[in-house]
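Asks: quick check, what structure comes out for this input:
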Amino acid sequence: MADGLVFAFLDGQLLLLDGEVPTADRLAVGDEPLPVGPLGVAVALDTAPQLEGASLVGLRDFLSVADEELASAAGRAAQLVEWELGHAFCGRCGTPTEAAGTELARLCPSCGASYYPRITPAVIMLVEHGGRVLLARRAGLNRPFHSVLAGFVEPGETLEEAVCREVLEEAGVDVEDVRYFGSQPWPFPSQLMIGFVARATSDELRVDETELEDAGWFRPDELPTIPGPFTIARRLIDDFVARHAS
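Replies: Next up, the predicted model:
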């Protein structure tokens, strides 16, 4: 375990030592670290350790520069830490929970309730029409880029139905030919982004300004600033550009 990495989080930020995720020989992990696969474990910190070279970095910033394997492990670690902190007490009777030991779960020793890590499914979709892609900026987020549309799946809804509903609600257009593209875990805090490509039946937008700051159609050679390469949104856009390359 001395060579394993320790993904340690404090208030949602990842601890680095000398700019890197520390190994277990440099940071104590306690009695019940959370396994995150072959790279190491995850732990929650109560306070920032007073160690030389220690710094805290936002998870989104870390994911934007980490390689795929390290980013995947850090994302899983963040989700597990968030889950453990959110289930320290039983939601039924208030008793402190305990680690199951044999599986990734928290158990209540009083009423027997069990709590497993949960993910929240969300659809993210690239909508195109006539060789152009629909991109938007979400209201209230103050981010300097346009992206594809996305939204959470509602109870009783298929993924394809969620795609159609979200696009209609936010941009006012119907879509057809909804096709699965790929997926990405998204630890903010516990989503699974499920990507689709769809074709709009019209290019007339009726934007919901409570959801979107602005939206428009863009050709491959006139794209605005778009999300970073570590996101499935960027993968969707890059795929669109590749398919429409002259």
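
Asks: give me the sheet partners of the longest strand along the chain and which way each runs.
Replies: Criterion DSSP state E: the longest strand present in the chain is strand 175-186. Counting by DSSP bridges, the strands paired with strand 175-186 are strand 191-200 (antiparallel).

Asks: how about the longest strand of the chain: buried residues?
Replies: By 16 or more other CB atoms under 10 Å, the buried positions in strand 175-186 come out as 175, 178, 181, 184-186. (C-beta placed from N, C-alpha, C; glycine too.)

Asks: can you check stretch 63-80 too?
Replies: Buried, per 16+ other CB under 10 Å, within stretch 63-80: 63, 66, 70-80.

Asks: related to what we said a few turns ago, among the buried residues of strand 175-186, which pair sits farthest apart?
Replies: Based on CB to CB, the longest span within these runs between 175 and 185 and measures 25.0 Å.

Asks: hmm, back to that, how about CSV for the buried residues of strand 175-186, with pLDDT and distance to residue 229 added?
Replies: Formatted as CSV, these follow (pLDDT from 0 to 100; distance: CB to CB, whole Å):
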residue, pLDDT, distance to residue 229
175, 98, 26
178, 98, 25
181, 99, 16
184, 97, 12
185, 95, 16
186, 95, 15
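
Asks: what's the closest of those to residue 110?
Replies: Of the buried residues of strand 175-186, the one sitting nearest to residue 110 (CB to CB) turns out to be residue 185, at 32.4 Å.

Asks: partner residues bridging that closest one?
Replies: Here residue 185, judged by DSSP bridges, has bridge partners residue 192.

Asks: close enough to count as contact, it and residue 75?
Replies: Yes - here residue 185 reaches residue 75: they are 5.4 Å apart, a contact under CB atoms under 8 Å.

Asks: quick one: contacts for residue 39?
Replies: 4-5, 69-70, 73 (CB atoms under 8 Å, 6 or more residues apart in numbering).

Asks: right, and residue 239 touches residue 182 too?
Replies: No - in this structure, residue 239 is not within contact of residue 182 by CB under 8 Å, at 9.1 Å.

Asks: just checking, what packs against the lowest-mean-pLDDT helix or strand in the chain?
Replies: When each helix and strand of the chain is scored by mean pLDDT, DSSP states H and E, strand 34-35 comes last, with a mean of 92. When contacts are defined as 3 or more CB pairs under 8 Å, 6 or more residues apart in numbering; DSSP states H and E, strand 34-35 packs onto strand 40-44, helix 68-86.

Asks: show me which of the contacts of residue 39 is closest to residue 58.
Replies: residue 70 (15.4 Å).

Asks: any idea how far the closest one is from residue 174?
Replies: According to CB to CB, to the nearest Å, residue 70 stands 41 Å off from residue 174.

Asks: over to residue 12?
Replies: 38 Å.

Asks: in a markdown table, list the helices and strands packed on strand 34-35 along with mean pLDDT.
Replies: Output for the helices and strands packed on strand 34-35, formatted as a markdown table (pLDDT from 0 to 100):
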| stretch | mean pLDDT |
| --- | --- |
| strand 40-44 | 95 |
| helix 68-86 | 96 |
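
Asks: and which of the contacts of residue 39 is nearest to residue 116?
Replies: residue 73 (19.7 Å).

Asks: isn't the closest one right up against residue 7?
Replies: Yes - using CB under 8 Å, residue 73 is in contact with residue 7, at 6.7 Å.

Asks: which neighbours do those two share?
Replies: 36, 40.

Asks: domains in this protein, by residue range?
Replies: Here the domain assignment for the chain is 5-86, 89-117, 120-243, based on automatic domain parsing.

Asks: count of neighbours near the closest residue to residue 109 other than its chain neighbours?
Replies: Among residues not flanking residue 109 along the chain, residue 98 sits closest, at 5.8 Å (CB to CB, 6 or more residues apart in numbering). Neighbours of residue 98 under the rule other CB atoms under 10 Å: 13.
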